[in-house]
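Undergrad: how would this look folded up:
(chains A and B)
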Amino acid sequence: MKRVPIARILVSIFFVGLLLTPFAVRKLSGRDASARTKLDASAALANHGFYLTEVSHAAGIDFVHQGPTLDPKLADIMPEVASMGASVSIVDFDRDGWPDIYVTNSAEGSKNHLYRNMHDGTFKDVAEQLGIADVNKAGTGVSMGAVWGDYDNDGYEDLFLIKWGRPELFHNDHGHGFTRVSDKAGLPPWINANTAVWFDYDGDGLLDLFVGGYYPEDVDLWHLKSTRMMPNSFEYANNGGRKYLFHNLGNGKFEEVSAKVGIKSRRWALAAAAADLRGTGHPDLFVANDYGVSELYLNDGKRFHEAGSQSGVGFAPKSGMNVAFGDIFNQGRYAVYVSNISEDGVLIQGNNLWVPKEGTKGSGIKYENLARAMGVELGGWSFGAQFGDLNNDGTLDLYLTNGYVSLDRKKSYWYDFTKISGGNSLIIDDAKNWPAMDGRSLSGYQQKHVWLNDGAGKFVDVAQAVGVTDTYDGRAVALADLWNRGVLDVIVANQRGPLLLYKNTVAPGEQWIEFQLEGTKSNRSAIGAQVALSWNGQKQIQEVSGGSGFSAQNDRRLHFGLGKNPQIESAVIRWPSGKVQTLHDLVPGRLYKIEEPK
Amino acid sequence: MSQSAITTPMPPNNGIQWKKMLSMDNRFMPPLFITLILLVGNVSFGILESYEKTLLAIVTSIVAELILGRIFLHKWPHLASAYITGISVGILLRSPLFWPYVLCSLLAITSKYVLRINGRHIWNPSNFGISAMLFLAAESVATLSIQWGNNLGAMLVIWILGSVIIWRLRRFHICAVYVVSFVALAFVRTWITGDPLLSEISPVTGPEYQLFIFFMITDPKTTVRSKKGQCIVAFMVALVEMLLRLDQSVYAPFYALFMVGPIALLIEMWLNSRRLPSSVSATFNTNIVNP
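TA: The predicted structure follows:
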């Protein structure tokens, strides 16, 4: 019998150990354990400081989104190409001090809904009577999202409707109705967009509007001239819709100035948001693109300079679907969360959490992706996400929804998807080359993520434990203190699914403070106004936003969780006009309504 | 992925050819080519998960090769093979985590020393490592899904450059047979599934296949010796891949090579043993022979 050397035996054992390593890692990481747990409210309060209860039906909302049905030439892949349109935006359209909810529908002939807050825990749809329901008529395209901003500074939030089709601007007639002013405003006849942002880029006190095109604007998705309308690459597509920056002229008219101010791109924009990322007093614009890199437009007050590659956020191409800003370290600087795609064993792009690098600032700002290090990288086929302090402990948490196409649970389209996605542009960009979906799912039925910020550099997913158990195809997430209770509730719009209202219950003793800002010299919506709140030796900044996340807009009121026994030192408001206002003697548990000093 | 520090005795008539092929120029050509792909791909298009992860895979491969080579060969092995394995793992494997790069490289290199029959390792190291990771750790890894930009230019440059190098290494026929077979079988798949023909051809136009074709199926150490045999094996890889594709296997090419490669080698060994009865026994090799 041949003698087997000891070294060979040891190496063979080592080799078997290597093969067993993935099982051990899986065991240690707990991925084998059942992910679903039943909500135990008292345990959730004790362990995480809050829980969420889905109350849409009890609140009088039984809205189910209807997806678009596009040109029959796309029938084979219709679930995929018609996979967006569910959106939610929060607005107090009638200035009664209670947040209302606007949701879009996307089937031709379907109606959008404006849910008025009835102050008693319920909502009532008033879109029809106010004239902003029937906006998806055949031939005009369908809704993809909505953002609200007071473009004429009359005190009432006006509505810009994002569409695959004719974009619409509705003037808010003092909360009693809406008047369509799209033509007067000078909007183009057709844009296939999924994102828009109100912001005052030039600081003239008037809100301007950025609109990011997805499909090219000369494509009528209901009457295709050609099936060559898909992206020409999964990573470097440059055949998408153009970008628009509508400069508010102050007389109800807008001038399109994108090229003039340096915004030229034909990437496939899916999400955008603006904030003063560098402390310059000018809002910068961050655009997350599908099928490509993100873009960061640095604003010098007059022009934009695209700095995606140089800053680090625009180098590795992914499938950007979300832009949300949050001061996650309470250090007075914004991190940017961009969602992408991850599917076990097939495609692991990972979401990005862009954090400014220490020591970089101004036009030399650089970002590093800390998503993996902080535990918010893998979120499935991720869509909308928002930062907010869900348990009022003083640090910003992150709510992420996901799931692309949920059809047959047992059949997946991923194989065919990878077949086409790895190929050359000449093949990809023609829809007729795409295999039929045949009722199969594509990253469907995914579990959502509610990541709690532990304040020490880690986020922990507690979704199941705090009651977020839905598996709809989530698109938009918005946060608002819907019932003026000092907590952030979560509203989620699902593609071809119900609108969900997650009512928040926070453990007693966790304090909060809110600010409702109104500009005078600045735009009246105070979009771009920043509050730096200092308490207990720490400082957190938040900024009023004219649209963030994916097809979403949070409540304009700023909500700060403070934790237990907070000692508030000050709140410094930097208005878009440049004015700085410092507030002292603030007490927790109150909503402060602040008007910009004249 | 290919060149190994460990070689086995070869029939005398093949010796000159192999010696020529493994001359200094040719030996360094694949490492240089794959390094070029990596650098150009990453600088132009950001193909890498990160430089750190690729570096980790390369260092792990090289260290493992050094240690195992020292133990079994009693001398420091040539590192071209380990370098290619590491760089292949670094490019082809996608994971947000670091440990899969270490594990995959270790699996690849260790497999060369453990899974041996008659002095030959029977799996292409990186094919073994990547297939094992995809099969065992699907929740943590994927493979390269990125493209070389959205135009034909980069793709053509790599095809032409790769073809020239592979031609010089006298293995172009393997690539040619595989590509022709893949395209021909795409017609069969279209006929069976009803999917558009171009969607069936599409995968072979991507960079994952370029690496697969130029660096995996042409591996001198894990392919059969005769030219005719190599052509048959290349066709069989494409055929098995087709069957896997009909079963909607995302990683069909890797799994096909994983299955076909060793079987082909075993058959070749069996045929050789019939001709040379003295070397019949097919057991785990304990006598590793230096080049």
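Undergrad: could you use CA atoms for every contact and neighbour count after this?
TA: Will do.
Undergrad: for the stretch 101-250 of chain B, what lies in contact range of chain A?
TA: B:103, B:106-107, B:110-111, B:114, B:132, B:134, B:136-143, B:145-147, B:149-152, B:195-200, B:202-208, B:248-250 (Cα under 8 Å from any Cα of the partner chain).
Undergrad: from the residues you listed, which land in helices?
TA: The helices, defined by DSSP state H, take in B:103, B:106-107, B:110-111, B:114, B:132, B:134, B:136, B:152, B:197-200, B:207-208 from these.
Undergrad: which among these end up buried?
TA: Among those, those scoring as buried are B:103, B:106-107, B:110-111, B:114, B:132, B:134, B:136, B:197-200, B:207-208 (criterion: 16 or more other Cα atoms under 10 Å in any protein chain shown).
Undergrad: least confident of the residues you listed?
TA: Lowest pLDDT among those: residue B:207, with 77.
Undergrad: how close does that one sit to residue A:163?
TA: To residue A:163, residue B:207 is 36 Å away according to Cα to Cα, to the nearest Å.
Undergrad: could you do residue A:575 as well?
TA: Residue A:575 is 31 Å from residue A:163, by Cα to Cα.
Undergrad: quick one: the helices in the stretch 101-250 of chain A, in order.
TA: Counting by DSSP state H, counting those that start in this stretch, one finds helices in the stretch 101-250 of chain A at the ranges A:127-130, A:182-185.
Undergrad: show residues contacting the first one.
TA: So that's helix A:127-130. With Cα atoms under 8 Å, 6 or more residues apart in numbering or on different chains as the test, helix A:127-130 has contacts from A:112-115, A:133-134, A:176-178.
Undergrad: next, format these as JSON lines and append distance to residue B:43, neighbour count and pLDDT.
TA: As requested, the contacts of helix A:127-130 are arranged in JSON lines below (distance: Cα to Cα, whole Å; neighbours: other Cα atoms under 10 Å in any protein chain shown; pLDDT from 0 to 100):
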{"residue": "A:112", "distance to residue B:43": "46", "neighbour count": "24", "pLDDT": "98"}
{"residue": "A:113", "distance to residue B:43": "48", "neighbour count": "22", "pLDDT": "98"}
{"residue": "A:114", "distance to residue B:43": "49", "neighbour count": "27", "pLDDT": "98"}
{"residue": "A:115", "distance to residue B:43": "50", "neighbour count": "21", "pLDDT": "98"}
{"residue": "A:133", "distance to residue B:43": "49", "neighbour count": "21", "pLDDT": "98"}
{"residue": "A:134", "distance to residue B:43": "50", "neighbour count": "15", "pLDDT": "98"}
{"residue": "A:176", "distance to residue B:43": "57", "neighbour count": "11", "pLDDT": "97"}
{"residue": "A:177", "distance to residue B:43": "54", "neighbour count": "18", "pLDDT": "98"}
{"residue": "A:178", "distance to residue B:43": "51", "neighbour count": "19", "pLDDT": "98"}
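Undergrad: how near is the residue nearest the centre of chain B to chain A?
TA: The residue lying closest to the centre of chain B (Cα atoms, centre = their mean) is residue B:216, at 1.9 Å. For residue B:216, the distance to chain A equals 18 Å [Cα to the nearest Cα, to the nearest Å].
Undergrad: next one, pLDDT for that residue please.
TA: Here the pLDDT value assigned to residue B:216 is 85.
Undergrad: and what of residue A:289?
TA: pLDDT, residue A:289: 98.
Undergrad: ditto for residue B:206
TA: Looking at residue B:206, the pLDDT reads 81.
Undergrad: how about the residue of the stretch 351-500 of chain A found nearest chain B, what does it touch?
TA: For the stretch 351-500 of chain A, the residue closest to chain B is residue A:423, as judged by Cα to the nearest Cα, at 4.5 Å. Residues in contact with residue A:423 (Cα under 8 Å, 6+ apart) are B:147, B:202-206.
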